[in-house]
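Peer 1: quick check, what structure comes out for this input:
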Amino acid sequence: MNALRFAAVAIAAVLASSLPTRAETYPDRVVRIVNPFPPGGSVDVMARLLAQKLSENTGQQFIVENRAGAGGNVGAESVAKADPDGYTLLFTAPGPLVVNPTLYTKGLPFDPTRDFAPIALFAISPIVLMVNPQLPVTNVQELIAYAKKHPGTINFGSAGNGSTPHMSGELLKTMADIDIVHVPYRGTGPAMNDLIGGHIQMFFDLLPASLQQITSGKVRALANAGSARPAVLANLPTVAEQGLPGFDANSWEGLVAPAATPAPVQAKLIAEVKKVLAAPDVIARVQTLGSEPGTAFGKDFGTFMQAEIVKWAAVIKKSGAKAD
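Peer 2: Residues are numbered from 1 along each chain as shown. Okay, the predicted model is just below:
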């Protein structure tokens, strides 16, 4: 028995002593970055930018794996339950981390606060309110007036239940006291296609994924949804400026790891993402996409997400939105 105990202690000591070494050599094999949404959206664009730069800087391959479903919950759960070794990470929009805990009334198969270690807020992405050009409105007040005159006839699309486009629509519905109908899609691509085709009339979308359709005239942009106008659409007034003071809806993309990931590995990831976000070409690329580089890392990113949970929980409860 004593021999077994000695062997167990010896093995534990070897494992413990190897942790710093593994952290020092991290990454020494392929790292998977899980995007819990379909390809082609803003999250995918930003995830692939980060993966490319991390690969270049570390000399090890970072790959993006799309695992969509249930408003981001499928991909998030897979990372929450992955080995906490730094080789499986989650890059996501707010949905599964700060919206879904309130929106999904039957609960989630993971706890966003308990099961993830915050690494970095990668980018803040503005949201734009758009309509099909055939809808006879050119600004927010005309949209509200039309919706009040034709209740229940405006369908607004989203990238899925719990997405920030969905929450933005619910916020407008509540603040303007209008009857509009949510139509969830499996990603922004199908929703945008149906907006262009006239199958839905209205869509809040993240600017990086919609800028091309706006500039080409395929959709009509009515307002910036955030509190400030992004540089690439500086001439487009905000929703707040058009009669709904206090309206503020932005999205973001962030990187988290399984909660038990060793602290030295977390620290290295934070340092590497900081390096990426400090590069002039990355800053320029993020801004060209209509977004701004993130500035919150580690615990600061965790604090940011806690504030987001409170913010969107209030919107969800007031609007009555839910998903199961």
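Peer 1: okay, the residue nearest the centre of the chain: pLDDT?
Peer 2: For the chain, the residue nearest the mean C-alpha position is A93 (0.8 Å; CA atoms, centre = their mean). Looking at A93, its pLDDT stands at 94.
Peer 1: how near is the closest residue to it other than its chain neighbours to G254?
Peer 2: The shortest distance from A93 to any non-neighbouring residue, by CB to CB, 6 or more residues apart in numbering, is to V43 (5.0 Å). To be clear about C-beta, it is placed using only N, CA and C from the backbone, and glycine gets the same treatment. Here the distance between V43 and G254 works out to 10 Å (CB to CB, to the nearest Å).
Peer 1: give the residues shared as contacts by these two.
Peer 2: Taking CB atoms under 8 Å, 6 or more residues apart in numbering as the criterion, V43 and G254 both touch 91-92.
Peer 1: which SSE is the residue nearest to A93 in?
Peer 2: Here V43, judged by DSSP states H and E, is contained in helix 42-58.
Peer 1: sorry, back to before: contact partners for the residue nearest to A93?
Peer 2: Contacts of V43 by CB under 8 Å, 6+ apart are 35, 37, 91-93, 253.
Peer 1: buried stuff in stretch 218-230?
Peer 2: By neighbour count on 16 or more other CB atoms under 10 Å, the buried set for stretch 218-230 is 218-226, 229-230.
Peer 1: over to stretch 57-68?
Peer 2: Buried residues in stretch 57-68 (16+ other CB under 10 Å): 58, 62, 64, 66-68.
Peer 1: from these, which land in helices?
Peer 2: Counted as lying in helices by DSSP state H, out of those, are T58.
Peer 1: closest one of the buried residues of stretch 57-68 to N155?
Peer 2: Of all the buried residues of stretch 57-68, N155 sits closest to A68, with 22.0 Å by CB to CB.
Peer 1: what about the closest residue in space to that closest one that isn't next to it in sequence, neighbour count?
Peer 2: Distances taken as CB to CB, 6+ apart place P38 nearest to A68, at 4.7 Å, with adjacent residues excluded. For P38, the neighbour count with other CB atoms under 10 Å is 20.
Peer 1: what residues are up against P38?
Peer 2: Counting by CB under 8 Å, 6+ apart, P38 touches 44, 66, 68, 186-187, 189.
Peer 1: do you know how far S163 is from W252?
Peer 2: 12 Å.
Peer 1: which stretches of the stretch 151-300 of the chain have low pLDDT?
Peer 2: Within the stretch 151-300 of the chain, no range satisfies pLDDT under 70.
Peer 1: show me where it has strands.
Peer 2: Applying DSSP state E, counting those that start in this stretch to the stretch 151-300 of the chain gives strands spanning 155-158, 181-184, 202-206, 220-224, 250-258, 292-293.
Peer 1: the inter-axis angle of the fourth one versus strand 202-206?
Peer 2: To tie it back to what came earlier, the one meant is strand 220-224. Here the directions of strand 220-224 and strand 202-206 differ by 60 degrees (axes from the mean of the first three to the mean of the last three CA atoms, to 10 degrees).
Peer 1: show me what strand 220-224 is packed against.
Peer 2: If you count contacts as 3 or more CB pairs under 8 Å, 6 or more residues apart in numbering; DSSP states H and E, strand 220-224 packs onto strand 116-131, helix 140-149.
Peer 1: rounded mean pLDDT for the first one, please.
Peer 2: Which is strand 116-131. 96.
Peer 1: related to what we said a few turns ago, show me which residues of the helix holding V43 are buried.
Peer 2: Residues of helix 42-58 classed as buried: 42-51, 53-55, 58 (neighbour count, 16+ other CB under 10 Å).
Peer 1: from these, which is closest to I200?
Peer 2: Distance to I200 across the buried residues of helix 42-58 (CB to CB) is lowest for S42, with 18.6 Å.
Peer 1: now the end-to-end length of stretch 173-189.
Peer 2: End-to-end distance of stretch 173-189: 23 Å, with CA to CA, to the nearest Å as the criterion.
Peer 1: and it, what's buried?
Peer 2: Across stretch 173-189, burial judged by 16+ other CB under 10 Å covers 173-176, 178, 180, 182-185, 187-189.
Peer 1: just to revisit the earlier point, just put the helices and strands packed on strand 220-224 in TSV and tack on distance to T105 and mean neighbour count.
Peer 2: Output for the helices and strands packed on strand 220-224, formatted as TSV (distance: least, CB to CB, whole Å; neighbours: other CB atoms under 10 Å):
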stretch	distance to T105	mean neighbour count
strand 116-131	22	26
helix 140-149	27	17
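Peer 1: A323 is nearest to which of the ones you listed?
Peer 2: When those are compared by CB to CB, strand 116-131 sits nearest A323, at 19.5 Å.
Peer 1: quick one, that closest one and helix 42-58 angle?
Peer 2: Relative orientation of strand 116-131 versus helix 42-58 (the same axes, to 10 degrees): 140 degrees.
Peer 1: now do the phi/psi pair for the nearest residue to F247 once chain neighbours are set aside.
Peer 2: Among residues not flanking F247 along the chain, V239 sits closest, at 4.2 Å (CB to CB, 6+ apart). With angles defined as degrees, to the nearest 10, V239 sits at phi -60, psi -40.
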